[in-house]
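Visitor: here is my input; please provide its structure:
(3 chains)
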Amino acid sequence: MTPRLAVKDLSVRFGTDEGEILAVDRMSFSVEPGEVLALVGESGCGKSVTAMSVLRLLPSIASVSGSILLDDTELTTLSTAEMREIRGRDISMIFQEPMTSLNPSFTIGFQIGEVLRRHEGMSRRQARERAIELLELVRMPAPRSRVDEYPHQLSGGMRQRVMIAMAVACSPKVLIADEPTTALDVTIQAQILDILRDLRARVGTSIVLITHDLGVVADIADRVEVMYAGHKVESGPVDDLFANPQHPYTVGLLGAVPRPDLAGGIQVRLQEIPGLVPVLRSEPEACVFAPRCVRATAECREAMPPLELLQPRQHAACFHPGSRVADYSEGVSA
Amino acid sequence: MTTAALAVDNARAWRARRLFRRFASRPPAVVGLVGVILVVLIAIFAPLISPYDPAHGDYNHVFLAPFSAGHVLGTDDLGRDVLSRILQGSRSSLSAGLAATLLAAVVGVSFGLLAGYYRGPLDTIIMRATDVMLAFPFLVLAVGLAAILGPSLNNAILALAISSVPGYVRITRAEVLGLREQDYVQAAIVNGAPDRVILFRHILRNCVSPLVVQASITIPTMIIGEAALSFLGIGVQPPTASWGIMLSSAQGYISQAPWYALIPGVAIAITALSFNLLGDGLRDILDPRATK
Amino acid sequence: MSENVLEVRQLKKYFSLPRSSGGTVHAVDGVDLTIGQGEVVGLVGESGSGKSTVGKCIVRLLEPTEGTIRLQGRDITTASRRQLRGVRTEMQMVFQDPYSTLNPRMTIGDIVAEPLQLHKLARGRELDTKVAGLLDKVGLASHLRHRYPHELSGGQRQRAGLARSLSVEPSLLVADEPVSALDVSVQAAVLNLLMDLQRDMGFSCLFIGHDLATVEFLCDRVAVMYLGRIVEEVNTTDLFRAPKHPYTQSLLSAAVVPDPKLQRTRQRIVLQGDIPSPINPPTGCTFHTRCPVAQIPLCSDTSPALTDVTGRSHFASCHLITADGTAPDVTHSQTTENAWSKN
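Guide: Now for the predicted structure:
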């Protein structure tokens, strides 16, 4: 199957007051039609920057190189006007903050309809009818009356639903969801995850899910890419990666989440990963994770390990792969 | 020196260097700073560097054009050396700018702190009073107050200071309203800190950046205000030189000696611009919200 | 008999809205809570449940509308600020936001020293030694005491906040979501630290949170809040093994587990709708509007009392829990698939 979205050798640099920052370094990934791909990592790992660069939404201080193919269209060379056509129609995005992503002075029906009027050339009346259908699709209660309400009249969960309705209005090929449930309560998160699952099944949308929550990944993702300091450090199908993580960062992340259910209710300690995500200024000459890694050896401090196929479908960038639990030393400041 | 002390020094030096680098990377701010330093130096050393006594008239040489022999900027209607008068005038301009700003800041910040921290009726009274003052344009209010207080430099400073108090009250109050909800203020309350500790250590110290910015915006306004009051005859009194008085006496001779009006005008403009540029630069480096 | 460190009885906190919109927010509506010596009690709930308001009332950052709060037997509900000053060393709070919890203009050392200075517990060299000891205790390198908060990472700031709170050796620590703003790996480190410190220093702790796994990891006992009331309260093991209240059951089933095989085969109850507004909370049982098993009119008319449903201190407030302590079966009444077929 040809991938729906293929990103190859994507690098993003930011010019700042304090010098250049390499936010993403030669990142490649692809999403099949109808697949949910999770980009996982902690803040500062470059996962949101990767997503924003696909939509070409980064500020002007960013310089992007590499190739981004949507079906057969190379996105990096499109004009601004052509890109505007792609956004919202072929690729759309939902953000973490549903409070600020909607315009407070228009009704939600108008805002959903706007996308349809622009991309599908619908009339006002048609757009409104379709907006109601979309609100039904995202399981908004009483969509016929809600369609004329303003964002401030809605709860956080409902606003996120409106965002999703807008994002899928034109049945996009790819939906990029940047921490879509992070700001929401668990019972609302469950509703939103169900809606995303439903969309994938019905519309066949490919979803790129950006999250730090491994529970959400386990719930909905088909494949996972683990990012660390702008680099892909591990990737694989969700079941394999969770059952048999290879990169010490992935191992550490999985061990850091409290799992009293596994320990029979008595869990003594959580895995810690001492230290911080580094800010890279240039292409690394050592493994980016080495300073925080208990497995690190001289070899790791001399070169960034390449991404290698370790299991049938699982890659990791590590000289010492393996799923054994790393015994991180305690008491180092976080 | 102990290692701990060294660590303090290193951390401080590093922070200072970083602030300096950020400042130095903004050419307009550097130009402003240089301008301000120059004006301050001129004001301090005015008596030493003046070629003539600024009050001494020479009726044989009135309205000499600039660059005439012995008078680089020419002479005025009474034959006084314009350069010497400009130099002396910088003193009243600067002292008015700085003193009035300081006075306004002290009073305004105090009221702003009280209003924002205690809220309630006190807040209502203070804010309504500032609303009333803000209903008058700055200069109209200053002129009115100066006229009531009587003409002198000190009264002009007082009038200008009172007129710009409301700005400080508002800015401080707005800052305090935001800061009192910060968790570290809440933590201080949980720790049983008395009001004065909370107000000064936890709130006032964190209002400093916006206040410094406000001050650097007020100073040029004050300088122009002093010139305006002196121009109207309710500020600095002759024979002391002031840029405002020079402008005022020059307006009668605008066709014969245009430079006479131009020179103090340029002096006011350069000084005000320097402070403005410096203020913009300070805002950029002090206020993280203003940075990109 | 050892005395309880904290006893909260019928705590209520109402906020009146501005006259224009009218109404009253029933943020906390009759909460009873007891924390014993050295006990860690979790208070969980979703946003709007009033859990943070309970915490703020206990440390008297908010004035309770009704009810009593007793700290080590002393009624502090109406103590004045001056009277409270003496009690402040007994109760401390850690906050959620690592960015606003520390005064940006003070060094870490000064921040940690402040409570000791305010209460005149140490000065001069002794103060220095104490601060150094505290920083060491929370795992901060000693050179960090001369740093300013913005030079520290989120995890380090939370550690400094902990050091500040624990400097006066309180008997009660109210921790209001202290890790929810942190990254996963940092969360783990701070949680480990909090657990170690609690074990070593023996303070009682009210841990307010929304993440069930965290609460399960850390707490001895858990109280679940919904719309200003505690709906279930029991020791941690029983809560997670045999939740009684339909809300607790749904909450537990909605939480995601980082294990794809387990997560995808779990019975899940997806609650419909949002948490109702605390301005006009539903009548009767406040959960009846979202409850999959609610029996109208019973649940919408009468408010169930929080009672011991098993005789082993398992408190829950639900009409449908039978006399022998059997919980209503929520999973079979409405599953995700059922919700689907409507579309």
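
Visitor: what's the spacing between the residue nearest to C:Asp211 when sequence neighbours are not counted and chain B?
Guide: Nearest residue to C:Asp211, sequence neighbours excluded (Cβ to Cβ, 6 or more residues apart in numbering or on different chains): C:Ser180, at 6.6 Å. In short, each C-beta sits where N, CA and C put it, glycine included. Per Cβ to the nearest Cβ, to the nearest Å, C:Ser180 is found 14 Å from chain B.

Visitor: do A:His247 as well
Guide: According to Cβ to the nearest Cβ, A:His247 and chain B sit 35 Å apart.

Visitor: can you pull the contacts of the residue of the stretch 201-343 of chain C found nearest chain B?
Guide: As assessed by Cβ to the nearest Cβ, chain B sits closest to C:Leu206 within the stretch 201-343 of chain C, at 13.2 Å. Contacts for C:Leu206 (Cβ atoms under 8 Å, 6 or more residues apart in numbering or on different chains) come out as C:Leu6, C:Leu33, C:Ile35, C:Val41, C:Leu43, C:Gly55, C:Ile58, C:Leu172, C:Leu173, C:Val174, C:Ala175.

Visitor: please, which helix or strand holds residue 129?
Guide: The chain I'm using is chain A. Here A:Glu129, judged by DSSP states H and E, is contained in helix A:124-137.

Visitor: my question was about chain B, not that one.
Guide: Assigned by DSSP H and E, B:Ala129 belongs to helix B:120-134.

Visitor: could you confirm the residue of the stretch 201-343 of chain C closest to chain B falls within a strand?
Guide: Yes: the assignment for C:Leu206 is a strand, going by DSSP: H, G, I helix; E, B strand; the rest coil.

Visitor: the helix holding A:Glu129 packs against which elements?
Guide: helix A:108-120, helix A:143-146, helix A:156-167, helix A:186-203 (3 or more Cβ pairs under 8 Å, 6 or more residues apart in numbering or on different chains; DSSP states H and E).

Visitor: check which residues of it are buried.
Guide: Under the neighbour-count criterion of 16 or more other Cβ atoms under 10 Å in any protein chain shown, helix A:124-137 has A:Ala127, A:Arg128, A:Glu129, A:Arg130, A:Ala131, A:Ile132, A:Leu134, A:Leu135, A:Leu137 buried.

Visitor: next one: stretch C:275-285
Guide: For stretch C:275-285, the neighbour count (16+ other Cβ under 10 Å) marks C:Ile275, C:Pro276, C:Pro278, C:Pro281, C:Pro282, C:Gly284, C:Cys285 as buried.

Visitor: one more: stretch A:20-27?
Guide: A:Ile21, A:Leu22, A:Ala23, A:Val24, A:Asp25, A:Arg26, A:Met27.

Visitor: C:Ile230: which of those is nearest?
Guide: Nearest to C:Ile230 among these: A:Ala23, at 45.5 Å, using Cβ to Cβ.

Visitor: return the backbone torsion pair for that closest one.
Guide: Dihedral angles of A:Ala23 (phi, psi; degrees, to the nearest 10) stand at phi -80, psi -40.

Visitor: extract the C-alpha trace of the helix holding B:Ala129 and format it as PDB.
Guide: Only the C-alpha atoms of helix B:120-134 are listed here, as PDB (Å, rounded to 0.1, in the frame of the first residue of the first chain):
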ATOM      1  CA  GLY B 120     -13.000  46.500  48.400                       C
ATOM      2  CA  PRO B 121     -14.100  50.200  49.000                       C
ATOM      3  CA  LEU B 122     -10.500  51.400  49.100                       C
ATOM      4  CA  ASP B 123     -10.000  50.200  45.600                       C
ATOM      5  CA  THR B 124     -13.200  51.800  44.400                       C
ATOM      6  CA  ILE B 125     -12.300  55.200  45.900                       C
ATOM      7  CA  ILE B 126      -8.700  55.100  44.500                       C
ATOM      8  CA  MET B 127      -9.800  54.000  41.100                       C
ATOM      9  CA  ARG B 128     -12.700  56.500  40.800                       C
ATOM     10  CA  ALA B 129     -10.300  59.300  41.800                       C
ATOM     11  CA  THR B 130      -7.900  58.200  39.000                       C
ATOM     12  CA  ASP B 131     -10.800  58.000  36.600                       C
ATOM     13  CA  VAL B 132     -11.600  61.700  37.400                       C
ATOM     14  CA  MET B 133      -8.000  62.700  36.800                       C
ATOM     15  CA  LEU B 134      -7.800  60.700  33.600                       C
END
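
Visitor: columns mean pLDDT, distance to B:Val143 and mean neighbour count on top of the helices and strands packed on helix A:124-137, output as CSV?
Guide: Shown next, in CSV, are those (pLDDT from 0 to 100; distance: least, Cβ to Cβ, whole Å; neighbours: other Cβ atoms under 10 Å in any protein chain shown):
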stretch, mean pLDDT, distance to B:Val143, mean neighbour count
helix A:108-120, 90, 51, 21
helix A:143-146, 88, 58, 15
helix A:156-167, 86, 52, 25
helix A:186-203, 87, 60, 20
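
Visitor: in CSV, list those along with distance to A:Pro237.
Guide: Formatted as CSV, the helices and strands packed on helix A:124-137 follow (distance: least, Cβ to Cβ, whole Å):
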stretch, distance to A:Pro237
helix A:108-120, 33
helix A:143-146, 36
helix A:156-167, 25
helix A:186-203, 16
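
Visitor: which of those sits closest to chain B?
Guide: With Cβ to the nearest Cβ as the measure, helix A:156-167 is the member of those nearest chain B (20.4 Å).

Visitor: other residues contacting that closest one?
Guide: Around helix A:156-167, the neighbours that count as contacts under Cβ under 8 Å, 6+ apart are A:88, A:92-95, A:98-99, A:101-102, A:108, A:111-112, A:115, A:131, A:134-135, A:137-140, A:146, A:151, A:154, A:175, A:180-181, A:183-185, A:188, A:191-192, A:195-196, A:199, C:47, C:274.

Visitor: for the helix or strand just after that helix, packing partners?
Guide: Downstream of helix A:156-167, the first helix or strand assigned by DSSP H and E is strand A:174-178. Contacts defined by 3+ Cβ pairs under 8 Å, 6+ apart place strand A:174-178 against helix A:47-54, strand A:91-94, helix A:186-203, strand A:206-211.

Visitor: so what touches the first one?
Guide: Just to be clear, that refers to helix A:47-54. A:5, A:7, A:10, A:12, A:23-24, A:27, A:39-41, A:58, A:62, A:64, A:68, A:75, A:91, A:93, A:176, A:178-179, A:208, A:210, A:227, A:230.

Visitor: let me see the ranges of the strands in the stretch 1-150 of chain B.
Guide: With strands called from DSSP state E, counting those that start in this stretch, the stretch 1-150 of chain B shows none.
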